[in-house]
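Novice: structure, please.
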Amino acid sequence: MVNPPRRPTNPMEAAEAAFKPIKKPAPAPVREAPAAPNVRELVSIRIDRAVLDHFQEDGPGWQDRINEALRQVVAGNPVATGDRSNDD
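Specialist: Below is the predicted model:
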């Protein structure tokens, strides 16, 4: 019985078999706008502790207050949020 050759007969096929083809990463999915207008979306953001304390000091509803302040800035009407210790 004859022993098979130690080296492959076609070096190109051997090289192609040794390396897998490169796969391109899938493109990022396209985000579509929500179907209904003014629908809130759950997001996660990092804000300074002082900013969070400022909006939380009036109790529940702090997320709505942050949303309203951001909405005013987007509309070009920033709300002055100075020291509220003089509110009597």
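
Novice: quick one, helices of this protein?
Specialist: 11-18, 49-56, 62-75 (DSSP state H).

Novice: which helices and strands does the second one pack with?
Specialist: The reference is to helix 49-56. Helix 49-56 is packed against helix 62-75, with contacts defined by 3 or more Cβ pairs under 8 Å, 6 or more residues apart in numbering; DSSP states H and E. Every residue, glycine included, has its C-beta placed from N, CA and C.

Novice: pull out the buried residues from the helix it packs on.
Specialist: Neighbour-count burial for helix 62-75 flags 66, 69 (criterion: 16 or more other Cβ atoms under 10 Å).

Novice: what angle do it and helix 49-56 make?
Specialist: Angle, helix 62-75 to helix 49-56, by axes from the mean of the first three to the mean of the last three Cα atoms, to 10 degrees: 110 degrees.

Novice: show me what helix 62-75 is packed up against.
Specialist: Using 3+ Cβ pairs under 8 Å, 6+ apart: helix 62-75 touches helix 49-56.

Novice: average pLDDT for the helix it packs on, rounded please.
Specialist: What helix 49-56 shows for mean pLDDT is 96.

Novice: and if you look at stretch 25-39?
Specialist: Mean predicted confidence for stretch 25-39 is 76.

Novice: export it as CSV, just CAs?
Specialist: The C-alpha coordinates for stretch 25-39 follow below in CSV (Å, rounded to 0.1, in the frame of the first residue of the first chain):
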residue,chain,number,x,y,z
PRO,A,25,-20.2,43.1,10.6
ALA,A,26,-23.9,43.6,10.1
PRO,A,27,-24.9,47.3,9.7
ALA,A,28,-26.6,49.0,12.6
PRO,A,29,-30.3,48.7,12.5
VAL,A,30,-32.2,51.8,11.3
ARG,A,31,-34.3,53.3,14.1
GLU,A,32,-37.7,54.3,13.1
ALA,A,33,-39.7,57.1,14.6
PRO,A,34,-42.4,56.1,17.0
ALA,A,35,-45.8,55.6,15.4
ALA,A,36,-47.6,57.9,17.9
PRO,A,37,-46.4,61.5,18.4
ASN,A,38,-45.2,62.6,21.8
VAL,A,39,-44.6,59.0,23.0
